[in-house]
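Asker: starting from these lines, generate the structure:
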Amino acid sequence: MKFHKSLRFRIFFAMLLLLIMTFVSLSVLTVMQYREEAKDYHRERLLRKEQNIKQHINYVLKNTSLLVNSASIPQIFESKIHEIKDIHNLEIHLYGLTGSLLKSSESSPFDQAIPRRLNDTLLDLLLNAPKKQIIHAFQEDGNGYQSSYSYLTDSTFKPIAILHLPYIEDDGFMTKELKENLFRMALLYGVMLLLAILIAYFLSRFITRSLQTVSQKITDTQLLERNQKIQVEKGVSTEIAQLIAAYNHMIDQLEISAAQLALGERQAAWREMAKQVAHEIKNPLTPMRLTVQSFERKFEPSDPEIKKKLAEYSATLIQQIDTMSEIASAFATYAQLPDQKNRAIDLVSTTKLALDIFDVSYIEFSSNVQELTMPFDKSQLIRLLTNLVKNSIQTLQHEQTEHPKIEVVLRANENTVDLSVSDNGPGIAAEIQSRVFEPKFTTKSKGMGLGLAMVKTIVASYKGSIVLESSATGTRFDMRFPKP
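Answerer: Numbers count the residues shown, from 1 in each chain. Coordinates of the predicted model:
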């Protein structure tokens, strides 16, 4: 299972991603909110200053001894404009109604930063503004500016000049406050991130633990073995409990199906066995019937060779009866294989004992241990080795192989035991290798074809495996048994 595809990782990653996205979203919204508040703050501050300055200017106009009109503005505010600037801490520019500069609080009237004349577009905007006031925002040298333009009027509310107030947007305080706020948010979300990591870890572990149990149980499920149900623990979620209940129900159905399948297989096996027994018994019965019929036709009590003919008749019948006895013994032996009497035996000495019954000199045995004890049915192990070695001997003798050789090798591993039987005969044809373990399959003129089927059944009963490897230079059967 790849890590990035696991449910545990997805839950863990989703919770962290959700928290990080929330932090980023709130940070962006906070910055946008601060910018909007800063913009509103500067606008309102400029309007307040404009209102206060206009009140101060109106006071000056009201108390002046000069005629209040556009022409007298420079004389009226000759010194007063600097006083107003110092009081309100803001530069002041006074323009005529046609847009020409009349008076400025700047130290030098020739300062290039001061527009000498307002453009016509600005004058039209101011003239057409509902409140006869406009605020113009712009950027210059990386600084934000807002400028207000409004009319100054005389006592009869007749416009006499245009008041221009340039205002620099100083965001230092608000920027500092924004950074501090973001820093506090980062600390808070850092702590929350650590908590989320812990919560996500334990939550994902809790959720996936039950799933891993179900997954392992499903992996271990065997059709022909009894499977353990899963017990629902306290605190398990409803979804997991439903999944476990479905698994347990499946186990019940699987046991029923396995029992039905086993019954069907047993019945099919016995039917096949009965057919095979009937077929094999018919073979000797036919010559027995012919022998009896022939003896009945030719029987003559006065025949001088009657004793000789009777002996031949008896020999024929005894031979066929022996054949039938061999057939019955072979099928009985095959049918009784599942009954095991396991006890701790030494596989090394038992293997040597099984090989000692063969009166040939070309059988070699080797083992990587002096003694290997494990539970096994001694008679079944001997029967297994006897069948394999006997097949090899018959093949080598039938093919008259030069320098015949049979090797039996026993190897003890950490968790398994390997047993192999090999010979240097001509091998088994590739097209029939897949059928050698089938019951009643044989290439010999004699035999029931049950030997290798019996071997495979014995190996399977110990949860082992058997593999055939054969070529023109020889045949080897490799068996592997798990250690208990």
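
Asker: okay, CA-based contacts and neighbour counts for the rest of this
Answerer: OK.

Asker: show me where the stretch 251-400 of the chain has helices.
Answerer: 306-335, 347-356, 378-399 (DSSP state H, counting those that start in this stretch).

Asker: ok, the host helix or strand of residue 145: who's next to it in the sheet?
Answerer: Element membership of residue 145 [criterion: DSSP states H and E] is strand 143-153. Using DSSP bridges, strand 143-153 pairs in its sheet with strand 133-140 (antiparallel), strand 159-168 (antiparallel).

Asker: got the buried residues for the shortest one?
Answerer: So that's strand 133-140. By neighbour count with 16 or more other Cα atoms under 10 Å, strand 133-140 contains the buried residues 133-135.

Asker: how many neighbours does the residue nearest to residue 382 when sequence neighbours are not counted have?
Answerer: Closest residue to residue 382 apart from its sequence neighbours, by Cα to Cα, 6 or more residues apart in numbering: residue 354 at 5.2 Å. Applying other Cα atoms under 10 Å, we find 18 other residues in the vicinity of residue 354.

Asker: what do you get for the one 5 residues further on?
Answerer: By the criterion of other Cα under 10 Å, residue 359 has 8 neighbours.

Asker: gap between it and residue 95?
Answerer: Distance of residue 359 to residue 95, given as Cα to Cα, to the nearest Å: 133 Å.

Asker: of the helices of the stretch 251-400 of the chain, which approaches residue 192 most closely?
Answerer: With Cα to Cα as the measure, helix 347-356 is the member of those nearest residue 192 (63.7 Å).

Asker: who does that closest one touch, helix- and strand-wise?
Answerer: Using 3 or more Cα pairs under 8 Å, 6 or more residues apart in numbering; DSSP states H and E as the contact test, the elements touching helix 347-356 are strand 363-367, helix 378-399.

Asker: tilt between the longest one and strand 363-367?
Answerer: It stands for helix 378-399. Computed by axes from the mean of the first three to the mean of the last three Cα atoms, to 10 degrees, the angle separating helix 378-399 from strand 363-367 equals 140 degrees.

Asker: and the contacts of helix 378-399?
Answerer: Under the contact criterion Cα atoms under 8 Å, 6 or more residues apart in numbering, helix 378-399 has outside partners 337, 340-343, 345, 350-351, 353-355, 404, 406, 421-426, 451-452, 454-455, 458.

Asker: could you give me the ChimeraX syntax to select whichever of the residues you listed are buried?
Answerer: Selection of buried members from those for ChimeraX, criterion 16+ other Cα under 10 Å:
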select :345,350,351,354,355,404,406,421,422,423,424,425,426,451,452,454,455,458
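
Asker: among the contacts of helix 378-399, name the ones in strands.
Answerer: Among those, the members falling in strands (DSSP state E) are 343, 345, 406, 421-423.

Asker: nearest to residue 245, of these?
Answerer: Set against residue 245, the nearest of the ones in strands among the contacts of helix 378-399 by Cα to Cα is residue 343 (39.5 Å).

Asker: doesn't residue 376 make contact with that closest one?
Answerer: Yes: taking Cα atoms under 8 Å as the definition, residue 343 is a contact partner of residue 376 at 5.6 Å.

Asker: so if we follow the domain assignment, how does the protein break up?
Answerer: 3-175, 238-335, 343-482 (automatic domain parsing).

Asker: closest to residue 195 out of these?
Answerer: Among those, domain 3-175 comes nearest to residue 195, with 10.1 Å by Cα to Cα.

Asker: run the chain-centre distance for the closest one.
Answerer: 61 Å (Cα atoms, centre = their mean, to the nearest Å).

Asker: average pLDDT for that domain?
Answerer: For domain 3-175, mean pLDDT rounds to 80.

Asker: hang on, the earlier thing: any chance of the domains of the chain in a markdown table, plus distance to residue 183?
Answerer: A markdown table is the format used below for those (distance: least, Cα to Cα, whole Å):
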| stretch | distance to residue 183 |
| --- | --- |
| domain 3-175 | 10 |
| domain 238-335 | 41 |
| domain 343-482 | 60 |
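
Asker: okay then, goodbye and thanks.
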